[in-house]
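> structure of the sequence below:
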Amino acid sequence: MPRRLAAWLLTLLLLTGLAVAQEPEPGTVPYQVEIVPTEDARLDAALAAVSQLVALREKAPTTALGILGRAQGDQRRLQTAFRSEGYYAGTARIELLGLPLNDPALVPRLEQARGPVAVRIVANPGPQYRIARIDIAPVNPAEQAALVAATATPFGITPGDPARGAPVLAAEETLRQRLLAAGHPLATVVGREYTVDFDSQTLTVAWKIAPGPFAVFAQPSVTGSDTVSQAFLERRAGRITGQPFSPERLEAERRDLAGLGPFGSVRVQAGTQLNAEGQLPVTFIVTDRPRHAVGINLAYETNYGPSIRVYWEDRNLFGSAERLRLEAEISRLLANGGLNQATYRIGATYRDPDPLRGRLGPEWSFLGSVFAVRELLKAYDRQAITLIPLLERRFSERLSATIGPVFDVGQTGAPGSPTDTWQRYEIVGLQMGLRYDTTDSLLDPAKGYRVVGTLMPAYSIQGSTPFAPLRATASTYWDVLGNRRSILAVRGTVGSLLGADRLDVPRHMRFYAGGGGSVRGYDYQSIGPRDAQGRITGGSSLVEGSLEWRQRVWGDVGMVAFVDAGSVGGGVAPSTGDLRVGAGLGARYYTPIGPIRADVALPLVKQQGSSGYGLYIGIGQAF
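Take a look at the predicted model:
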């Protein structure tokens with residue numbers, strides 16, 4: 001019976017996931033390590049980092065004499081830690097069972113040890129040495145002295161600083177990177193001397209620099225793709241041909257190739273010597289990814305429920321990275337009336353990064369879209385077909401502009417009105433856009449700023465009315481602690497309907513506010529002027545602002561606190577006379593493609609017919 005009971009208990013332990021303690025391996029002896037703190041936290045961390053006694057205590061149990069061997073090896077490693085923090089006269093004493101390593105009684109005591117062996121590391125750092133002098137000399141002083149002197153402006157260390165190893169090594173790399181940025185791709189540090197003076201307790205740093213020749217880029221080659229036109233790739237990468245060498249320019253071109261769509265990865269390999277023309281050879285190594293893709297995007301808003309967008313994409317339609325996307329979207333699935341009151345959008349977008357096969361230049365791209373839409377919204381109902389062919393011009397990695405015609409044909413009316421009362425409209429316009437973006441991420445920016453503006457001079461054929469909606473949005477982001485964990489984000493938007501009274505312009509061209517991406521806590525398009533029946537009519541001006549604190553809490557989980565405000569006016573000039581304010585909290589789960597967002601907001605200024613709260617779910621930050 002006892003044996004059966006023991007077997008039953010063991011089975012119960014295994015089923016409940018409880019671990020059964022294992023006996024130590026024969027001959028091994030556990031030990032505990034104490035590093036007596038010094039007055040320098042950096043030094044304490046460095047001593048712990050190099051100590052094998054600390055690193056292997058749990059990973060690799062050992063015998064009593066093995067503990068002694070680790071301690072003897074640590075004597076040398078601890079000296080490295082002292083020097084790395086500038087304590088060149090530092091010493092450490094290691095005690096086992098309270099005895100120093102050279103005590104004759106230590107080995108017999110260790111051989112008899114069965115319980116945890118007490119290990120104590122006592123550091124005596126002594127004075128911290130200082131940098132006395134920094135000498136930077138070129139290999140060829142007659143020709144290179146001015147260049148090297150220009151790169152040796154303040155670069156991380158100065159005489160009088162603690163003689164720590166990490167800043168000295170970082171300063172050396174800074175010198176090399178500055179020479180690279182100055183157009184010298186073969187720049188190297190060919191000699192380094194670190195001289196310690198124990199009498200004066202100082203360190204002298206001396207570097208010998210070989211800048212190498214100034215060089216421009218040769219015509220780059222692109223290898224690795226079996227599907228994308230080689231001629232197109234050479235035109236695209238060839239934009240840097242003849243330009244002065246720059247690591248930033250090289251990285252920008254790599255990112256541009258990666259952003260085309262057909263490639264899963266893009267690596268760059270710069271030559272180790274110049275060609276016969278004195279140019280630097282460069283090779284971009286790409287790997288193709290699947291040509292076709294399908295996807296689905298989901299979002300949610302309180303009053304109207306989920307929205308679903310599905311798409312199919314060809315990333316290399318004609319062999320020069322042309323991208324065709326067919327997509328369909330249905331939203332507001334929980335609106336009154338169910339699917340009959342849902343909003344639909346179906347169409348195609350096409351992007352050609354090489355229109356007219358290079359005759360416009362590699363800075364130009366073509367973006368075209370055609371969509372059929374049905375919108376049953378709180379502000380208006382609409383059915384239409386839109387066609388927008390645009391040319392995009394990239395002036396730099398940060399600055400781009402678009403221009404092209406807009407064709408919008410359809411009919412629109414007051415929300416809920418019979419379709420036979422809707423008014424037809426035909427709009428022809430010229431859309432002009434400008435974008436300047438210094439942020440470090442599209443979906444989750446932590447620093448930089450972004451400015452986007454559009455102006456569309458247009459003509460309503462049905463009403464013989466010229467008008468021009470103008471809209472500009474700016475946002476900025478501060479990484480408060482420098483570790484992407486605490487972000488302060490600010491956004492502002494202004495808009496104005498120029499050239500016509502708002503009531504003479506089709507309803508969907510007027511300004512509205514409220515909802516996700518605008519003023520959270522209020523229904524979508526619920527902010528603005530209303531008619532005698534209380535229905536939203538849209539305005540001639542818009543002003544919005546948002547303040548958001550984004551805090552990572554633990555791992556990939558974060559929280560957000562925000563305040564949004566907005567006003568839509570009947571005049572051309574934006575005003576805050578009818579300001580609406582919403583505030584709330586949100587949660588974020590950070591993924592490789594961007595954060596998954598869930599926000600809850602409350603309206604601080606109540607308005608008739610609007611909900612008491614708003615819930616918003618999507619991918620990417622709110623702005």
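> residues in contact with Glu95?
101, 118-122 (CB atoms under 8 Å, 6 or more residues apart in numbering). For the C-beta atoms, the positions are set from N, CA and C on the backbone; glycine is no exception.
> can you list the strands that the helix or strand hosting it pairs with?
Assigned by DSSP states H and E, Glu95 falls within strand 91-96. Sheet pairing of strand 91-96 (DSSP bridges) gives strand 99-100 (antiparallel), strand 117-124 (antiparallel).
> picking that back up, can you pick out the most distant pair from the contacts of Glu95?
Farthest pair in the contacts of Glu95 (CB to CB) is Leu101 and Ala118. Separation: 13.7 Å.
> surely Phe214 touches Pro244?
Yes: using CB atoms under 8 Å, Phe214 is in contact with Pro244, at 7.4 Å.
> now the common contact residues for these two.
Joint contacts of Phe214 and Pro244 (CB under 8 Å, 6+ apart) are Gly183.
> how far away is Tyr616 from Ala113?
63 Å (CB to CB, to the nearest Å).
> where does pLDDT dip in the stretch 401-550 of the chain?
Scanning the stretch 401-550 of the chain for pLDDT under 70 picks out no residues.
> same deal with the chain?
Residues of the chain that meet the cut-off, pLDDT under 70, sit at 1-27, 303, 335-338.
> what's the domain layout of it?
Following the assignment in automatic domain parsing, the chain carries domains at 25-124, 130-210, 216-288, 432-619.
> let's have the ones you listed in a markdown table, adding distance to Ala342.
Supplementary listing: those in a markdown table, determined by distance: least, CB to CB, whole Å:
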| stretch | distance to Ala342 |
| --- | --- |
| domain 25-124 | 59 |
| domain 130-210 | 55 |
| domain 216-288 | 31 |
| domain 432-619 | 14 |
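> between the strands paired with strand 91-96, which one is closest to Arg520.
Closest among the strands paired with strand 91-96, using CB to CB: strand 117-124, at 54.9 Å.
> now the element after that closest one, going C-ward?
strand 130-138.
> what lies in contact with that next one?
86, 144-145, 147-149, 152, 157-163, 168, 175, 197, 200-211.
> what's the helix or strand following it packed up against?
As assigned by DSSP H and E, the chain's next helix or strand after strand 130-138 is helix 141-151. Counting contacts by 3 or more CB pairs under 8 Å, 6 or more residues apart in numbering; DSSP states H and E, helix 141-151 packs against strand 130-138, helix 165-181.
> who does the helix or strand containing Leu298 pair up with?
Using DSSP H and E, Leu298 falls within strand 292-301. According to DSSP bridges, strand 292-301 forms sheet pairs with strand 305-314 (antiparallel), strand 614-619 (antiparallel).
> quick one on the thing from earlier: narrow the contacts of strand 130-138 to those in strands?
Assigned to strands by DSSP state E, the following of these qualify: 197, 202-210.
> relative to Leu470, which of these is nearest.
Ile209 (53.3 Å).
> in contact with the closest one, which residues?
Here Ile209 is in contact with 136-139, 144, 148, 175, 179, 187-190 (CB under 8 Å, 6+ apart).
> got it, and Val228?
Counting by CB under 8 Å, 6+ apart, Val228 makes contact with 260, 262-263, 286, 288, 316, 319-321.
> how about Val168?
Applying CB under 8 Å, 6+ apart, the residues contacting Val168 are 131, 157, 194, 205.
> over to Val605?
Val605 touches 579-581, counting by CB under 8 Å, 6+ apart.
> so it sits in a helix?
No: counting by DSSP: H, G, I helix; E, B strand; the rest coil, one finds Val605 to be coil, located in no helix.
> which residues does stretch 425-440 contact?
388, 390, 398-412, 445-463, 477, 506, 509.
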